[in-house]
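> Return atomic coordinates for the entry below.
(2 chains)
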Number of protein chains: 2
Amino acid sequence: RKPLVIDQEEYICEIRKGSRLHLAKAITFIESTVTDQQTIGQQLLKSLLPFTGSSIRIGITGVPGAGKSTFIESFGKMLVDKGFKVAVLAIDPSSSVTGGSILGDKTRMEELAKHPNAFIRPSPSAGTLGGVHKKSRETMLLCEAAGYDVIFVETVGVGQSETIVRGMVDFFLLLALTGAGDELQGMKKGIMELADAIIVNKTDGTNEKLAKKTVAEYKQILHFLAPSTPNWITPALAVSSLYKTGLNAVWETILQFQSKMMSNQVWQNRRKDQTIDWFKTMIVNKLYDDFFSSMEKKQSMKQLEQLVREEKVTVSQAVEELFSSNSKE
Amino acid sequence: RKPLVIDQEEYICEIRKGSRLHLAKAITFIESTVTDQQTIGQQLLKSLLPFTGSSIRIGITGVPGAGKSTFIESFGKMLVDKGFKVAVLAIDPSSSVTGGSILGDKTRMEELAKHPNAFIRPSPSAGTLGGVHKKSRETMLLCEAAGYDVIFVETVGVGQSETIVRGMVDFFLLLALTGAGDELQGMKKGIMELADAIIVNKTDGTNEKLAKKTVAEYKQILHFLAPSTPNWITPALAVSSLYKTGLNAVWETILQFQSKMMSNQVWQNRRKDQTIDWFKTMIVNKLYDDFFSSMEKKQSMKQLEQLVREEKVTVSQAVEELFSSNSKE
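Numbering: from 1, shown residues only, chains lettered A, B, ... in the order given. Predicted structure coming up:
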């Protein structure tokens, strides 16, 4: 088979010039499970690394139905109208685990997608790790090198996804619905304490009064919780993605946050720490995957798990057994 | 060197009869870093495994100064007076990281320690993992085999200790001081959502009024948070460890919890899940430790960490480099 060869110089040049086609291809290389495609992706990323780091990275979460797509569409539209380039690492709604819209891709962020300064990349449902695509971080960096000023990373709350996304963004938004009391009971533990702002969406029509009451409730609770970012008072804000109200206040909040956290170095230090954490996570994942790469080891683990569950062996003995069968190979 | 030999039958018999001396020695074997001592410890544990599982396992956390030792002493004293056998896996206050009393071991839980039905085991400061001794789980099982009805596992909030301890107990207590608002700001994120009960300690003297107000505040916040255990409403309770008031209500709460969670199988299923989680954690830790066992690998990691921090290589490349130097050896 002929080895895959691309004109790397051309790719870098085109990506830097803003070619969405080349950016999309580079991301496909990064996400590929084929070794030489992966290698090309990594080489491109390495060459582009000096041009990364200047965007605002925003994570967005919320229960299904909270209106994440609609919010990103309206908010992103406002930003491109202000002259910013906006990238969205979206959740592929066709994936069964995401709980996304069943209407399919085309109906999500359709208006935003049409804008020349917007780039929307849905994550494939495969290749995720705790609910986040393994290469989301690299994809984000590629988007930065392509000159995107604001990057949204969407999460749908599967597995550890919020914690992982919080670990790669500067600012984390929690989209909420009205009726904090009921909703919070169903919210994942500790999720509010990951947020740098809580946005009560759908503050419109007959819902408006209730939404404003919900904002007040969230403010009250936030008062008692440790903030996600030191020296930051996490605000609760009312927004209507439909009527585009309150969106500017959200943007002002993010800019205030950036200005404050850049001047006290929290922004810069957090990014460095995030990179190192990511490095360590990748090491652990690789060790685990390598160790369980053989069918024998997977079988052995399954049997030992059963024995441990039935309390027939201690955990320490099971670990010893698992590793001793390794050295015999 | 002569191999270490013990009369295993005698140990098992003595531990089952309640000999604190033999129990203490068995724990020392389990905690040992010497291979043949470890092996003996594991053998003893394996033989004793059928006699484990019948205690109530209670985790206790709280900021330094919340009065954990005083609470355990008073609460434990009440339990031994009721006829229960009580074991405490305590934090060694001589350890600098724990933030425990600097008055030394003897002054902690002195009264309880004297009681024939109590067993207090301070964790050595070495050998901890995220703030919890690596062998705490095994130690807990040995105590159960020795017939202890209630086992307390103390945590001081270093690293991941609360999450780890929550992962090995049935019931998790958060000891709080008066003035929820101020205190919560300094509390670790998500800690309240780990608790099955919040105990406002030092509800006595001039502090009593404020303590009762604090209980009301906690109740209000808890109303909005997801409970640590499904179908359980996490209560806030006022206690004076000094005047021994409110202690019985705490015990009644724990018994109610046990009865409810046993009938809906949450208790049993949680224990099985905890064991499997522990198993998986031990595997990951061993993989990590084994991988970084050589000086070369440690050095290599240090250098790569620096390069990643300075953004001179991508995380993926650093991981590849780290593992490729492995295969060259």
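
> lowest confidence element among the helices and strands of chain A?
Within chain A, no helix or strand scores below helix A:180-186, which has a mean of 58 by mean pLDDT, DSSP states H and E.

> Walking through chain A, point out its strands one by one.
Counting by DSSP state E, chain A has strands at residues A:56-62, A:86-91, A:118-123, A:128-129, A:132-133, A:150-154, A:171-176, A:197-200, A:236-238.

> Quickly, which of those bottoms out on average pLDDT?
Mean pLDDT is lowest for strand A:128-129 among the strands of chain A, at a mean of 70.

> Partner strands of that strand and their direction?
If you go by DSSP bridges, strand A:128-129 pairs up with strand A:132-133 (antiparallel).

> what's the neighbour count on A:Ile254?
A:Ile254: 19 surrounding residues under other C-beta atoms under 10 Å in any protein chain shown. Just so you know, the C-beta spots here come from the backbone N, C-alpha and C atoms, and that holds for glycine as well.

> can I assume it is in contact with A:Phe152?
No - look at A:Ile254 against A:Phe152 with C-beta atoms under 8 Å: they stay out of range, at 11.3 Å.

> Could you tell me how far the one residue in chain A that gets nearest to chain B is located from A:Asn264?
Proximity of chain A to chain B (C-beta to the nearest C-beta) peaks at A:Gly190, 3.3 Å away. Remark: distance between A:Gly190 and A:Asn264 (C-beta to C-beta, to the nearest Å) = 24 Å.

> Tell me which of those two has more neighbours.
In this view A:Gly190 and A:Asn264 are compared by other C-beta under 10 Å, and A:Gly190 has more residues nearby, 18 against 12.

> Could you pull out the helices in chain A for me?
Secondary structure of chain A (DSSP state H): helices at A:8-17, A:20-31, A:35-48, A:68-81, A:110-114, A:136-145, A:161-166, A:180-186, A:208-224, A:247-263, A:266-291, A:295-309, A:315-328.

> Flag every buried residue along the first one.
The one in question is helix A:8-17. A:Tyr11, A:Ile12, A:Glu14, A:Ile15, A:Arg16 (16 or more other C-beta atoms under 10 Å in any protein chain shown).

> Get me the contact residues on the stretch 1-150 of chain A for chain B.
Residues of the stretch 1-150 of chain A lying close to chain B (C-beta under 8 Å from any C-beta of the partner chain) are A:Gln42, A:Leu45, A:Lys46, A:Leu49, A:Pro50, A:Thr52, A:Gly53, A:Arg137, A:Glu138, A:Leu141.

> Which of these sits closest to B:Gly159?
Comparing the residues of the stretch 1-150 of chain A next to chain B against B:Gly159 with C-beta to C-beta places A:Arg137 closest, at 24.4 Å.

> what residues are up against the residue of chain A closest to chain B?
With contact taken as C-beta atoms under 8 Å, 6 or more residues apart in numbering or on different chains, A:Gly190 is in contact with B:Lys189, B:Gly190, B:Glu193.

> so which of those comes closest to chain A?
B:Gly190 (3.3 Å).

> Can you pull the phi/psi pair for the closest one?
phi 80, psi 0 (degrees, to the nearest 10).

> mean pLDDT lowest for which of the helices of chain A?
helix A:180-186 (a mean of 58).

> what about burial for the residues of the stretch 1-150 of chain A next to chain B, which qualify?
Using 16+ other C-beta under 10 Å, the buried members of the residues of the stretch 1-150 of chain A next to chain B are A:Gln42, A:Leu45, A:Leu49, A:Thr52, A:Arg137, A:Glu138, A:Leu141.

> what's the farthest-apart pair in the residues you listed?
Longest span within these, C-beta to C-beta: A:Gln42 and A:Thr52, 13.8 Å.

> Leaving aside the residues adjacent along the chain, what's closest to A:Tyr218?
A:Ala236 (3.8 Å; C-beta to C-beta, 6 or more residues apart in numbering or on different chains).

> bridging residues for that neighbour?
In this entry, A:Ala236 is beta-bridged to A:Ile198, by DSSP bridges.

> correct me, but it touches A:Val200?
Yes - using C-beta under 8 Å, A:Ala236 is in contact with A:Val200, at 6.5 Å.

> Spell out which residues are contacts of both of the two.
A:Val215, A:Tyr218.

> My guess is A:Trp267 contacts A:Asp273. True?
No - here A:Trp267 does not reach A:Asp273: they are 11.1 Å apart, not a contact under C-beta under 8 Å.

> Show me the domain layout of chain A.
Taking automatic domain parsing as the reference, chain A has its domains at A:1-50, A:52-270, A:280-323.

> which of those domains sits most buried?
Ranked by mean neighbour count, the domains of chain A are led by domain A:52-270 with a mean of 19 (mean count of other C-beta atoms under 10 Å in any protein chain shown).

> Chain neighbours aside, what residue packs nearest to A:Phe119?
Leaving aside its chain neighbours, A:Phe119 sits nearest to A:Ala87 (4.5 Å; criterion: C-beta to C-beta, 6+ apart).

> what about that neighbour, distance to A:Ala249?
23 Å.

> One more: A:Gln37?
In terms of C-beta to C-beta, A:Gln37 sits 43 Å off from A:Ala249.
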